[in-house]
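Q: Here is the input, now give the coordinates:
(3 chains)
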Amino acid sequence: METIMYTLHDFMTHTKNITYLIMGGILIFLPLFWLFLNEREKD
Amino acid sequence: MAVEKTQSNTQKFTATNVIIGIILVVGAILTILRFTKGLGAVTNLDNNNPWGIWIGFDLLCGVALAAGGYVTSAACYVFGLKRYHSAVRPAILTAFLGYALVVFALHYDVGRPWRLPYPIFVSQGTSSLLFEVGLCVFLYLTVLFIEFTPAAFEWLGLKKIRQIVVKLTLVLTIFGVVLSTLHQSSLGALFMIAPSKLHPLWYSGYLPVYFFISSMFAGMSMVIFESTLAHRYLSHKMDHAHHEESHGVAFGFAKAASFIMMGYLAIKIVGLSIDNNWNYLATGWGLWFLIELVGFVAFPAILFAMGFREKNLMFVRIAAVLTVLGIVLNRLNISIIAFNYHLPSADRYFPSLMEIGTSVFIVTIGIVVYRFVATRMPVLYEHPDYKTH
Amino acid sequence: MAISRRKFIGCIGAAALGNATGALGKAYGASNKHFKGYPDSFGVLHDITKCIGCRKCESACNAVNDLPEPRVPFDDLSVLDTRRRTDADVFTVVNRFQHEPYVFAKKQCNHCLEPACASACFVKAFTKTKQGAVIYDESLCVGCRYCMVACPFDVPAYEYHKALTPRVTKCTMCYPRLLEGKLPGCVEACPKNALVFGKRDELLKYAWKRIYAYPDQYTDHVYGEHEMGGTSWLYISGVSFSEVGMREDLGITSAPELTAGPLSAVPIVVGLWPVLLTGMYAISKRKDRIAQEEKAAAVAETIALSQEETQNKLDALREKMTREKTAAINFEVKKALEEAEKEAQETADQEQKPEPEAGSDSGESIEEDK
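A: This is a model prediction of the structure:
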């Protein structure tokens, strides 16, 4: 599906939609990665 | 002696209770008016001035002054400043109540309050900074709620579930700081879309940074201010640790706030320079701008510094009150006073009595709920079963 | 320039990099894309020099949009004495401006190419259609009125007297009529050709052509060509636009560009704040641990030292006590023996009344003391 965009507003809505999903992913990923990083630490 | 104190307090509260009762009744009437006759009947809002004090005060000031939650919890759990530990719970409680009231107040202001979840669940207008604000406030309210639940669980004696939440403290704190950074700054960025309406002295590309930085010392001042009030009225509810630490907390925050305020002052001057707004300083608006900046930022910053250096609690408390007033002034300037500055005075907005009444009503609800919670749950003292040290 | 959505997705990585290097960079990051709006979209050219203030456009607007009857009928021109703006049930107004002779100008939604209302709306209630109209979807609107704050032209109005179903209202460029192939109501009603409907590109050329052809009649400016990123409604005038109530200080930056900076800073904060904060936590925790370890070591050393000392003291004490105890026992034994001897003597003296319990008692108590 190729939708052509003509306005900056449409472009921004589209990219921010994706960016917000990525942000959600980041917020879930980072703490889990921190746990992975520290898994073998004794403390 | 303790008995005497409690008695005098209960007597004081009965006098206050009457006033609170009156405010609540008036608030109920205003609520009915708002939801039967519409915004037009209650407010002085019009097509040129769509946002009044329900946004300028209830939302902008409410959020800024509830910043104590993220500031205190970050200081304690992220930066490892353990001496702030006893201040965390009251700060989280006020932050949660603050945000809850902001959302409550929004129900009055927006046209169709039951659609408030729409931006998140139905139609995401991601190009809007208001979407960002809405999403963050929603998430942060949830985070604050979870952060506060241990107090409620201790009160109810639910040990296991409390333990689970306590383990999440660090993650919740970091989420809280991220979300606070975002929505505090985005509240300022809301006005970046209207450069033609906001006076150039207040309009700046740095608005989001200004809002974020000022929220930090707003939060700290609010913690000092609330602790002053709590010491006065809820002293009997505090434990030894809270009494011991509260002075340290006040001086610590005074020091931090003082320095951050100087930094804020610096970037405000940078803002003037970047946009070459010096010439406006010689106008009436310039005088008003300087009153805000010198009288309510520079002056309390110096007062905080003196209070900290000389260990003078009175200075610190006065500075905290001035700073809080300064934040209110700044938010009102941006949203109302310097907004639509170009309109003729006949078209300018001034809040109606009923608008002010509703705001007072909402603040009163906050005080009542805080009192209810702080006198019952382990907020100002640590529950004996869950001592940390 | 029109770009396909698929191409955008390829650009995301590059855009993110662009943002990372300059946190307040443009939303389209590394790209230098320029959006010119929908090609062949429609617009209206308002020639202010031709407007006579007859209010026919207002009347037609009221009729085609099924708006309520106005308090003052449309043929009453006394309303021109006061400056008016659009309202909840008035989508367009004509104002008269003090000038010799009078100048009239019509005001309504300008249908921005990059609408501020749409950019501001957090539920996507506003849409810029490919025909050029900016339309509003009542079914999504929450009623936050941020669109009204955002609009540089002060156009959207709000139904402040509806308690539960207030709408934001504004001119729709008669979007439903456009779809039917009809002209907007106001354009159709204008008796003086002060309103011309057509494709925006062509209207723009036509506007400039008129300015070139009659330089004495017009100021050298087509209002709406660049204002706030350009609008679908265009204006030409004989007097300066600020004299007819149109702001000339709006600038040419469109609404989405104004908010692009803070919007692109958001994901950077989400990406880096947790790292930064966790780092600070780790540092403070490490410091705590080192402090604790140092403390523990110091404590251990002190304990070891003092333990040795205590041991010595203890040993001395024990020795001393043993000595004292032996002495005490010896003394007691001696005393008991003496007593027993004495008793034995007494018993010997009075053989009729023997009381052996007392003697054995004292003997037992000595043993217990041991």
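
Q: Now do the contacts for C:Leu203.
A: C:Leu203 makes contact with C:43-45, C:196, C:234, according to Cβ atoms under 8 Å, 6 or more residues apart in numbering or on different chains. The way it works is simple: take the backbone N, C-alpha and C, and place the C-beta from them, glycine included.

Q: do the same with B:Val294
A: So B:Val294 contacts nothing (Cβ under 8 Å, 6+ apart).

Q: Which positions in the stretch 1-150 of chain C make contact with chain B?
A: Contact residues (Cβ under 8 Å from any Cβ of the partner chain) of the stretch 1-150 of chain C with chain B: C:24, C:85-88, C:116, C:118-125, C:140-146, C:148-150.

Q: Could you tell me how many residues sit around the residue in the stretch 101-250 of chain C that chain B sits nearest to?
A: The stretch 101-250 of chain C approaches chain B most closely through C:Gly143 (1.9 Å), counting by Cβ to the nearest Cβ. C:Gly143: 23 surrounding residues under other Cβ atoms under 10 Å in any protein chain shown.

Q: which one is it nearest to, not counting chain neighbours?
A: Nearest residue to C:Gly143, sequence neighbours excluded (Cβ to Cβ, 6 or more residues apart in numbering or on different chains): B:Gly111, at 1.9 Å.

Q: ok so the one you found is a helix residue?
A: No - assessed with DSSP: H, G, I helix; E, B strand; the rest coil, B:Gly111 is coil; it does not lie in a helix.

Q: still on that earlier bit, tabulate the contacts of C:Leu203 in a markdown table, adding columns for secondary structure, distance to B:Val223 and pLDDT.
A: Below are the contacts of C:Leu203 laid out as a markdown table (DSSP: H, G, I helix; E, B strand; the rest coil; distance: Cβ to Cβ, whole Å; pLDDT from 0 to 100):
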| residue | secondary structure | distance to B:Val223 | pLDDT |
| --- | --- | --- | --- |
| C:Gly43 | strand | 55 | 95 |
| C:Val44 | strand | 57 | 96 |
| C:Leu45 | strand | 59 | 96 |
| C:Val196 | strand | 63 | 95 |
| C:Leu234 | strand | 55 | 97 |
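
Q: Dump these to JSON lines, plus distance to chain A and neighbour count.
A: Shown next, in JSON lines, are the contacts of C:Leu203 (distance: Cβ to the nearest Cβ, whole Å; neighbours: other Cβ atoms under 10 Å in any protein chain shown):
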{"residue": "C:Gly43", "distance to chain A": "15", "neighbour count": "26"}
{"residue": "C:Val44", "distance to chain A": "19", "neighbour count": "27"}
{"residue": "C:Leu45", "distance to chain A": "21", "neighbour count": "24"}
{"residue": "C:Val196", "distance to chain A": "23", "neighbour count": "18"}
{"residue": "C:Leu234", "distance to chain A": "18", "neighbour count": "24"}
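
Q: nearest to C:Thr169, of those residues?
A: Lowest distance from C:Thr169 to these (Cβ to Cβ) belongs to C:Val44, with 18.8 Å.

Q: these two touch, right, that closest one and C:Val187?
A: Yes - when contacts are counted by Cβ atoms under 8 Å, C:Val44 is listed as touching C:Val187 (6.0 Å).

Q: Between those two, which contacts overlap?
A: Shared contacts of C:Val44 and C:Val187 (Cβ under 8 Å, 6+ apart): C:195-197.

Q: Pipe those residues into a markdown table and attach distance to chain B per row.
A: Below are those laid out as a markdown table (distance: Cβ to the nearest Cβ, whole Å):
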| residue | distance to chain B |
| --- | --- |
| C:Leu195 | 23 |
| C:Val196 | 27 |
| C:Phe197 | 27 |
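
Q: longest helix anywhere in chain C?
A: Criterion DSSP state H: the longest helix present in chain C is helix C:255-349.

Q: And what about the residue in chain A positioned nearest to chain B, helix, strand or coil?
A: Here chain A gets closest to chain B at one residue, A:Lys16, 3.6 Å apart by Cβ to the nearest Cβ. Secondary structure, three-state DSSP: A:Lys16 is helix.

Q: so it makes contact with B:Thr126?
A: Yes - counting by Cβ under 8 Å, A:Lys16 touches B:Thr126, with 3.6 Å between them.

Q: those strands in the chain, which residues are they?
A: In the absence of a named chain, this looks at chain A. With DSSP state E, the ranges of strands along chain A come out as A:4-5.

Q: wrong one, chain C
A: Using DSSP E, the strands of chain C run over residues C:3-4, C:42-47, C:93-97, C:103-107, C:126-128, C:134-136, C:157-158, C:168-169, C:195-199, C:233-236.

Q: Among those, which comes closest to B:Asn340?
A: Among the strands of chain C, the nearest to B:Asn340 by Cβ to Cβ is strand C:157-158 (15.2 Å).

Q: just to revisit the earlier point, what's around the residue of chain A closest to chain B, how many residues?
A: Neighbour count of A:Lys16, defined by other Cβ under 10 Å: 23.

Q: Nearest to chain C: which residue in chain B?
A: Across chain B, the shortest distance to chain C (Cβ to the nearest Cβ) belongs to B:Gly111, at 1.9 Å.

Q: isn't that residue right next to C:Tyr146, touching?
A: No - B:Gly111 is beyond contact range of C:Tyr146, at 11.7 Å (criterion: Cβ under 8 Å).

Q: Would you mind telling me which of these two has more residues around it?
A: Neighbours per residue, other Cβ under 10 Å: of B:Gly111 and C:Tyr146, the larger number sits with C:Tyr146, 29 against 22.

Q: tell me which strands and helices the worst-scoring helix or strand of chain A on mean pLDDT is in contact with?
A: Ranking every helix and strand in chain A by mean pLDDT, DSSP states H and E puts strand A:4-5 at the bottom, with a mean of 82. If contacts are counted by 3 or more Cβ pairs under 8 Å, 6 or more residues apart in numbering or on different chains; DSSP states H and E, strand A:4-5 sits against strand C:3-4, helix C:5-21.
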